[in-house]
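Chemist: Using only what follows, build the 3D model:
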Amino acid sequence: ARREVRLEGAATLEEALARLQGISAPPGGWIRGRGWRSGDWSPAVEPTREALDAVTGDTPTALIARDGHSLWLNSAALAHANGNLAVPGGVVETDARGEPTGVLREESAWHFLERYVQPPDEDALAAMREAVRVANARGVTAVHDKDGGRGALHLWQKLDADGSLTLRVWQSLPHEKVDELAAVDIRSGFGNRLLRLGYLKVFMDGTLGSQTALMLDGSGVEITSREQLEEIVRRAAAAGFPVAVHAIGDLANRNALDAFEETRDVWQPLGLRQRIEHAQCLAPQDLSRFAQLGIAASMQFSHATSDRDVAERFWPDKLDGTYAFRSLWESGAVVANGSDAPIEELDPLAGIRAGVLRTIDERPAWRPEQALTVEQALEATCVTPAWLAREERRRGKLLPGYDADLVVLSHDPVENLQECEVVATMLG
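Modeler: I've put the predicted structure just below:
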């Protein structure tokens, strides 16, 4: 993501397009970018291929939305698909003539990226080496990698083999791999001290920014149904894997909770640590179910501060159940905090500040009743991720016999969170 054209913070369509002026690609190559969010633009307008054509010409261009669930393409990029854009669980936006506007969402976007836009492995490895160095400098000693369509496991293995891997990786795999894993009897936890297979990833719905979150009011996109998730959870449990399921909308979260409840006779006796990823919008009656069922709420505190304006625009009547960090914590749920990088910056201190202060700019805290204490935010960032990876007896705390995965800070975060900076990072 650091090597792509960055479009975060663009306040208008014109500003986003201006950032592409003068950008070129090698012969046969693509212009790649990310970070646009049309919900932030004023006046309100949706992106089109024609607007992109005006600044990119005949160079294929693919711009990933900030939430990773929409893709903005120019005409040269669309030509690669020869009209084959529609896939189950995907959305192809069309104009009044029925022609593609250049925006693909959900499975259609991911399918296009996987088939046409993936950079070669050597480019990906160079970017990963740089990203690992940046992560270490920001105090990161471990990540839970939500593997996408590319398949990152072999890339992590190459970094591990050449000594470039200086953080721990709890690696996910797409749930479609479950039968292959079962066939060779590879179970969660397989790997070495730095790289281990952890869990299977599933998508229930889309996102707030792309307006594809599955909602109780009938809006949104369903990628996986409750019944399908039940089957996935059962097959995953038989193979020895927990599931992390992406759920943004209130209906997507309810369906995921229902599926875990219906299958708990299979996974609970095995001690599998299931999680719902994001849990951004919850119906009031579903808040307590995380604790009741033993499902972790794997959240990203930074989403609350970066999404506040979009949430008020699209979910004005549902705000009581959005980014409900404190409500979930006080219900007894296991709450984890991550970054969702590259959707947000891979910066643990920034995420902790967002969870505690509920603002990242000069504006007052947004829905401050959902703020956490510094101690709670640190536990969600340091301790709970180690528990999810079944390493709570090895790391996540400063105790004798634990791995010395340490971060030295410039200030005591409880006393002076705002001025805290990372001084040193150590991997035990």
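
Chemist: List the contacts of Asp67.
Modeler: Arg37, Thr207, Leu208, Gly209, Ser210, Ile343 (Cβ atoms under 8 Å, 6 or more residues apart in numbering). No exception for glycine: its C-beta is placed from N, CA and C like everyone else's.

Chemist: How many neighbouring residues does the nearest residue to the first one once chain neighbours are set aside have?
Modeler: By that I understand Arg37. Sequence neighbours aside, Arg66 is the residue nearest to Arg37 in space, at 4.4 Å (criterion: Cβ to Cβ, 6 or more residues apart in numbering). When counting by other Cβ atoms under 10 Å, one arrives at 26 neighbours for Arg66.

Chemist: which residues does Arg66 contact?
Modeler: Going by Cβ under 8 Å, 6+ apart, the list of residues near Arg66 reads Leu7, Glu8, Arg34, Gly35, Trp36, Arg37, Gly209, Ile343.

Chemist: Let me see the contact set for the last one.
Modeler: The neighbours of Ile343, taking Cβ under 8 Å, 6+ apart as the test, are Arg66, Asp67, Gly68, Gln300, His303.

Chemist: Which members of these are positioned in helices?
Modeler: With DSSP state H as the criterion, helices contain His303 from among the contacts of Ile343.

Chemist: Using CSV, lay out the contacts of Ile343 together with distance to Leu85 and pLDDT.
Modeler: Output for the contacts of Ile343, formatted as CSV (distance: Cβ to Cβ, whole Å; pLDDT from 0 to 100):
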residue, distance to Leu85, pLDDT
Arg66, 21, 93
Asp67, 19, 93
Gly68, 18, 92
Gln300, 30, 98
His303, 29, 97
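
Chemist: can you put the contacts of Ile343 in a markdown table and add distance to Gly163?
Modeler: Listed next are the contacts of Ile343 as a markdown table, based on distance: Cβ to Cβ, whole Å:
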| residue | distance to Gly163 |
| --- | --- |
| Arg66 | 34 |
| Asp67 | 34 |
| Gly68 | 30 |
| Gln300 | 30 |
| His303 | 34 |
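
Chemist: how much space between the closest residue to Pro413 other than its chain neighbours and Ala365?
Modeler: Among residues not flanking Pro413 along the chain, Cys420 sits closest, at 5.0 Å (Cβ to Cβ, 6+ apart). Look at Cys420 and Ala365: by Cβ to Cβ, to the nearest Å, they are 18 Å apart.

Chemist: tell me the domain ranges of this structure?
Modeler: 5-117, 121-423 (automatic domain parsing).

Chemist: where are the low-confidence patches of the stretch 51-200 of the chain?
Modeler: 148-150 (pLDDT under 70).

Chemist: and if you look at the stretch 201-350 of the chain?
Modeler: Ranges of the stretch 201-350 of the chain meeting pLDDT under 70: none found.

Chemist: where along it do the helices fall?
Modeler: 226-239, 250-267, 289-293, 301-314, 325-330, 348-357 (DSSP state H, counting those that start in this stretch).

Chemist: Just the angle for the longest strand belonging to the chain relative to helix 226-239, thanks.
Modeler: Identified as the longest strand of the chain according to DSSP state E is strand 195-203. Using axes from the mean of the first three to the mean of the last three Cα atoms, to 10 degrees, one finds that strand 195-203 and helix 226-239 are set 160 degrees apart in direction.

Chemist: ok so, going back, the residue nearest to Arg37 and Ser210: what is the separation?
Modeler: Counting by Cβ to Cβ, the gap from Arg66 to Ser210 is 9 Å.

Chemist: got it, and Asp286?
Modeler: Where Ser210 is concerned, Asp286 sits at a distance of 22 Å (Cβ to Cβ).

Chemist: So for these two, which residue has more residues nearby?
Modeler: Between Asp286 and Ser210, counted using other Cβ under 10 Å, Ser210 has the larger neighbour count: 25 against 18.

Chemist: Tell me who's in contact with the more buried one.
Modeler: So Ser210 contacts Ala65, Asp67, His69, Ser70, Arg105, Glu106 (Cβ under 8 Å, 6+ apart).

Chemist: Looking at those, which is nearest Ala371?
Modeler: Asp67 (23.4 Å; Cβ to Cβ).

Chemist: circling back to that earlier point, can you tell me the SS state at the residue nearest to Pro413?
Modeler: Using DSSP: H, G, I helix; E, B strand; the rest coil, the secondary structure recorded for Cys420 is coil.
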